[in-house]
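S.K.: requesting a structural model of the entry that follows:
(one chain, ligands or ions: 2)
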Amino acid sequence: MACRSEAFEVVSTLGKGTYGACYKVRRRCDGRIFVVKVVSLDGLSDRDRGETLNEARLMENLRHPNVVEYTESWCEAECLYIVMEYCTGGDLGRVLRERGGRVGEEEIWGYLADVAEGLRYLHSRRILHRIGFGSVRLGRNAARTVGAPGASARPGSPPERLARSMRKGKGRAGFRRDPLWPSARVGDRPPPVGWRRAQRASAPRGGSPDAPPSTAAAAPFSAFAGDRAVVGDLGLGRRLGPDSALARSQVGTPLYFSPELCQEQPYDHKSDVWAFGCLLYELTAGVPPFSASNQIALARKIVSGPTPRLIPGYSSHLQSLIEAMLDKSPVRRPSLTQILVHPSVAARVDAIR
Ligand code: ADP
Ligand code: MG
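M.R.: Ligands and ions are numbered 1, 2, ... in the order given. So this is what the prediction gives:
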């Protein structure tokens, strides 16, 4: 029986993550580009196996313009394969680096509205996210066909070079020999007949010629003119069970741990708001609001240290919202729903609806 992974061909390796590797892939039947996360289950304890399967389950059935779209997942040869949309614009970490550690206020409000929408949706599904820079991705374009044969796989381009070296049988960290993707072959098949014609016919007027029909019809929500933000990386998410002790485990960026998490209380949706507040602060300052040389000192600062003020140049609206999100008391801290009705956020959301 054919392996399900054979339905895709690898365009490039995006990176090795905490649990496995991410590949940019092209679906052979229609040339659409996706990301496949391959997680090795080999030698994992039952608990770890459950955690990784959790990532796939969490993403199942999630449909929101500001949440990375999951397409399918399966287990094959001791690996879990998770197919998701490809986000073309990198993550918020890239934005911060490119802006020299200080993102402009308008841009921040845009990310704020996008991420708040995505997180509120997840919270409504009782999913916690444990947000961080790497998990906010930009430039949603679920099925961009860049990288299709004749597009990015030009002679001499990295995928083509890789394909050539694969054909010569000396793959660089070769995919064929990659234990995570045993069946992968690079650039070995032309796109299906009629694919390009269908692609041209479905391209939105004035839009990107390589936008697919499905994404053109359902343009993602974005509250500002820049790259739209989608929350991804639900691997660190946790479904809130009836006993939310499930959410007690300390996973996520320690720098963004909430005071209640530092005090070993369960992580809940207000801890996500805290982490989101930390992320917004970092977009203004280039550094997290709380940092220290060791975990104990960090926890002490988070629990009882003063909330740093934004550096001059940002509005008092942004200052007061971030301060509220970094309130030590989870009860006083606003929920995502409350954040979304904040006049400055609501105005941005309304502007494009
Ligand atoms: P980590 O566990 O370190 O967060 P991931 O497995 O989530 O790593 O991702 C590895 C790399 O793959 C990331 O650095 C990112 O560049 C890329 N990546 C992951 N998901 C996507 C996606 N949906 N779209 C584009 N790139 C992605
Ligand atoms: Mg990740």
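S.K.: list the contacts of stretch 61-68.
M.R.: 59, 69-70, 84-85, 87, 114-115, 117-118, 121-122, 125, 127, 137, 140, 218, 220-222, 228-234 (Cβ atoms under 8 Å, 6 or more residues apart in numbering). The way it works is simple: take the backbone N, C-alpha and C, and place the C-beta from them, glycine included.
S.K.: kindly report the same for stretch 309-321.
M.R.: Contacts of stretch 309-321 (Cβ under 8 Å, 6+ apart): 102, 105, 108-109, 112, 280-281, 284-285, 322, 339, 342-345.
S.K.: just checking, residue 20 touches residue 42?
M.R.: No: judged on Cβ atoms under 8 Å, residue 20 makes no contact with residue 42 at a distance of 10.6 Å.
S.K.: give me the common contacts of the two.
M.R.: Common neighbours of residue 20 and residue 42 (Cβ under 8 Å, 6+ apart) are residue 79.
S.K.: looking at those two, which is more packed in?
M.R.: Shown here are residue 20 and residue 42; by other Cβ atoms under 10 Å, residue 20 has more neighbours (21 against 11).
S.K.: how about the contacts made by residue 308?
M.R.: Residue 308 sits next to 281, 285, 289 when contact means Cβ under 8 Å, 6+ apart.
S.K.: hmm, 10 Å instead?
M.R.: 281, 284-285, 287-290, 301, 322-323, 326 (Cβ atoms under 10 Å, 6 or more residues apart in numbering).
S.K.: picking up where we left off before, buried subset of the contacts of stretch 309-321 as a PyMOL selection?
M.R.: Here the buried members of the contacts of stretch 309-321 are turned into a PyMOL selection, burial being counted by 16 or more other Cβ atoms under 10 Å:
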select buried, resi 105+108+109+112+280+281+284+285+322+339+342+345
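S.K.: and stretch 284-300, end to end?
M.R.: Counting by Cα to Cα, to the nearest Å, you get 23 Å between the two ends of stretch 284-300.
S.K.: ok, residue 77 to residue 44 distance?
M.R.: Per Cβ to Cβ, to the nearest Å, residue 77 is found 14 Å from residue 44.
S.K.: any idea what sits nearest residue 136, other than its immediate chain neighbours?
M.R.: residue 92 (4.4 Å; Cβ to Cβ, 6 or more residues apart in numbering).
S.K.: oh sorry, the question was meant for residue 73
M.R.: With Cβ to Cβ, 6+ apart as the criterion, residue 73 has its nearest non-adjacent residue at 3.9 Å, and that residue is residue 56.
S.K.: report all helices and strands that whichever strand or helix holds that neighbour contacts.
M.R.: Assigned by DSSP states H and E, residue 56 falls within helix 46-59. Judged by 3 or more Cβ pairs under 10 Å, 6 or more residues apart in numbering; DSSP states H and E, helix 46-59 is in contact with strand 33-40, strand 70-76, strand 79-85, strand 127-128, strand 238-239.
S.K.: 8 Å instead, please
M.R.: strand 33-40, strand 70-76, strand 79-85, strand 238-239 (3 or more Cβ pairs under 8 Å, 6 or more residues apart in numbering; DSSP states H and E).
S.K.: can you list the strands that the longest one pairs with?
M.R.: So the one you mean is strand 33-40. strand 20-27 (antiparallel), strand 79-85 (antiparallel) (DSSP bridges).
S.K.: touching ligand 1 at all, the first one?
M.R.: Yes: judged by Cβ under 6 Å from any ligand atom, strand 20-27 comes into contact with ligand 1 through residue 22.
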